[in-house]
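*Asks:* Model the structure of this input:
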Amino acid sequence: MSVPLEEHPLLRCLASVDEALDDASELDPAFLPTRDKARALRAVDRELARLEGLRLRLLAASGDVAVDMGARSAGVWLAGESRTGAANGVRAQRLAEALGRWPEVGRALCAGAINLPQATVILTALDELPSDLGAETTAKACAQLLADAGHFAPHQLRLLGRRVLEVVAPDVAEGREEQLLLAEEQRGRRETRLAFHPRGDGVTDVVARVPDRVADRLRAYLDAFTAPRRRHRVASGDLDRLALPGRRGLAFCTLLEHLPTDGLPTHGGTPTSVVVMLDWESLRRGVGVAELSTGGRTSAAEVRRLACTAGVLPAVLGGAGEVLDLGRTRRLFSPAQRKAMAVRDRHCRAEGCDIPAAWCEAHHAADPWSKGGRTDLADGALLCAFHHQRAHDPRWDARRLPTGEVRYRRRT
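*Replies:* Alright, predicted model coming up:
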């Protein structure tokens with residue numbers, strides 16, 4: 001990178017850096033003594049931070065570049081030129097603008113006193129300070145965090161930044177902490193997600209985003225299962241051979257197997273449960289395939305194991321004195337009848353619908369109870385919520401077919 005002397009001093013500086021790096025690229029660091037390698041590593045790290053600071057200062061002053069190049073910002077334009085991705089350009093531009101609001105942080109970065117990850121954390125903490133703080137208090141907060149950066153890594157600085165007011169303005173710290181906690185709790189509720197991604201090979205990825213307090217509680221539960229004195233409770237092999245994420249994954253499976261269902265909400269009128277449909281001989285021998293009311297399938301050997309620990313519901317109709325045909329003595333189908341329908345119907349009985357039985361509701365398919373229908377197993381059918389609503393919609397005609405399916409046609 002050769003630059004004429006009449007160019008701006010900044011360009012001459014960058015040209016000299018480029019030439020020096022050309023010279024250094026020919027040197028083999030393997031022959032440096034250990035102490036000199038340590039010095040070189042620290043020096044490179046410091047110079048990288050200073051160059052990052054210079055780059056951000058340039059981005060903050062390069063709005064005209066964005067205009068001339070037709071880009072959203074100088075950061076986005078530069079990301080395109082360097083092929084680092086627009087998202088990186090957006091982040092860099094935001095940091096550059098934040099350094100404009102907090103020039104002390106920019107000076108520390110350009111001097112190599114802090115690194116870019118530390119600067120990012122400090123800028124975030126300063127931007128989150130209450131807007132009604134006085135200039136003197138905000139200046140103290142900035143100075144405190146820059147001093148802390150000499151001793152702490154970014155993740156520790158993040159915690160210190162959250163509580164910096166306890167040091168520089170203890171009289172307003174408690175109220176600010178409450179505001180932050182309320183905001184985080186609201187964000188936690190707003191951003192909570194859980195998704196299931198079946199991989200098609202017997203494994204499903206469960207991706208969740210939950211509030212910190214929920215994650216902490218779950219971690220405590222799982223770590224209790226994986227504690228050395230309690231590992232015998234986890235349904236798996238040798239846990240010591242697994243990394244921590246693997247141990248926690250198996251502990252999560254065991255937690256669900258031991259989760260009491262009596263406190264869970266009802267689903268379709270029955271307590272939340274999974275019915276396993278398997279003939280007794282297969283269950284006894286531990287060989288074969290079982291079908292679940294959720295629409296899935298599992299091996300008979302797994303059912304046999306779960307039957308010892310997880311309270312699997314056997315598909316035995318009329319067992320334990322349960323009455324399956326109740327006639328006109330009650331309007332709603334009993335839990336035993338709903339389980340029996342799950343075994344018989346397997347899924348929603350609306351023609352062409354395959355919603356699993358676990359998601360369905362019991363319906364008087366022969367004749368409505370209000371018109372003399374009987375609450376008998378033979379007269380009931382499982383319908384998903386959509387088709388159950390349609391069954392009670394006067395705009396639709398429902399007819400039960402000889403196969404047991406329910407066919408819907410719009411009334412003319």
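*Asks:* Over to the closest residue to Val206 other than its chain neighbours. Which of the three states is it?
*Replies:* Counting by Cβ to Cβ, 6 or more residues apart in numbering, Val206 lies nearest to Phe196, which is 6.0 Å off, once chain neighbours are set aside. From N, CA and C alone the C-beta is placed, and that goes for glycine too. Recorded secondary structure, Phe196: strand (DSSP: H, G, I helix; E, B strand; the rest coil).
*Asks:* Tell me how many other residues surround Phe196.
*Replies:* 9 (other Cβ atoms under 10 Å).
*Asks:* Can you give me the distance of it to Thr204?
*Replies:* Distance of Phe196 to Thr204, given as Cβ to Cβ, to the nearest Å: 6 Å.
*Asks:* Equivalent analysis for Trp359, please.
*Replies:* The spacing between Trp359 and Thr204, counted by Cβ to Cβ, is 17 Å.
*Asks:* how close does Leu160 sit to Arg176?
*Replies:* Separation of Leu160 from Arg176 (Cβ to Cβ) stands at 14 Å.
*Asks:* Leu109 and Arg50 touch, don't they?
*Replies:* Yes. Applying Cβ atoms under 8 Å, one finds Leu109 in contact with Arg50, separated by 7.4 Å.
*Asks:* of the two, who's got more company?
*Replies:* Legend: neighbour count by other Cβ under 10 Å for Leu109 and Arg50, higher for Leu109 (30 against 15).
*Asks:* For the more buried one, give me its contacts.
*Replies:* Applying Cβ atoms under 8 Å, 6 or more residues apart in numbering to Leu109 gives the contacts 49-50, 52-53, 56, 99, 115-116, 119.
*Asks:* which helices and strands does the helix or strand Glu184 falls within pack with?
*Replies:* Using DSSP states H and E, Glu184 falls within helix 170-191. Judged by 3 or more Cβ pairs under 8 Å, 6 or more residues apart in numbering; DSSP states H and E, helix 170-191 is in contact with helix 165-168, helix 212-226.
*Asks:* Of those helices, flag the one that's most buried.
*Replies:* Ranked by mean neighbour count, the helices and strands packed on helix 170-191 are led by helix 165-168 with a mean of 18 (mean count of other Cβ atoms under 10 Å).
*Asks:* In the stretch 51-200 of the chain, what residue spans correspond to strands?
*Replies:* Secondary structure of the stretch 51-200 of the chain, counting by DSSP state E, counting those that start in this stretch: strands at 193-198.
*Asks:* For it, which residues score under the pLDDT cut-off?
*Replies:* Flagging of the stretch 51-200 of the chain using pLDDT under 70 yields the residue ranges 174, 177.
*Asks:* go again using 90 as the cut-off
*Replies:* Along the stretch 51-200 of the chain, the parts satisfying pLDDT under 90 run over 71-72, 86, 128-135, 137, 159, 161-190, 194, 196, 198-200.
*Asks:* on that earlier part again, could the helices and strands packed on helix 170-191 go into JSON lines alongside distance to Ala147?
*Replies:* Shown next, in JSON lines, are the helices and strands packed on helix 170-191 (distance: least, Cβ to Cβ, whole Å):
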{"stretch": "helix 165-168", "distance to Ala147": "10"}
{"stretch": "helix 212-226", "distance to Ala147": "28"}
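*Asks:* tell me the contacts of the nearest residue to Pro117 once chain neighbours are set aside?
*Replies:* Of all residues not flanking Pro117 in the chain, Pro154 sits nearest, at 4.3 Å (Cβ to Cβ, 6+ apart). Contacts here follow Cβ under 8 Å, 6+ apart; on that basis Pro154 touches 117-118, 120-121.
*Asks:* Having no further points to raise, I will conclude here.
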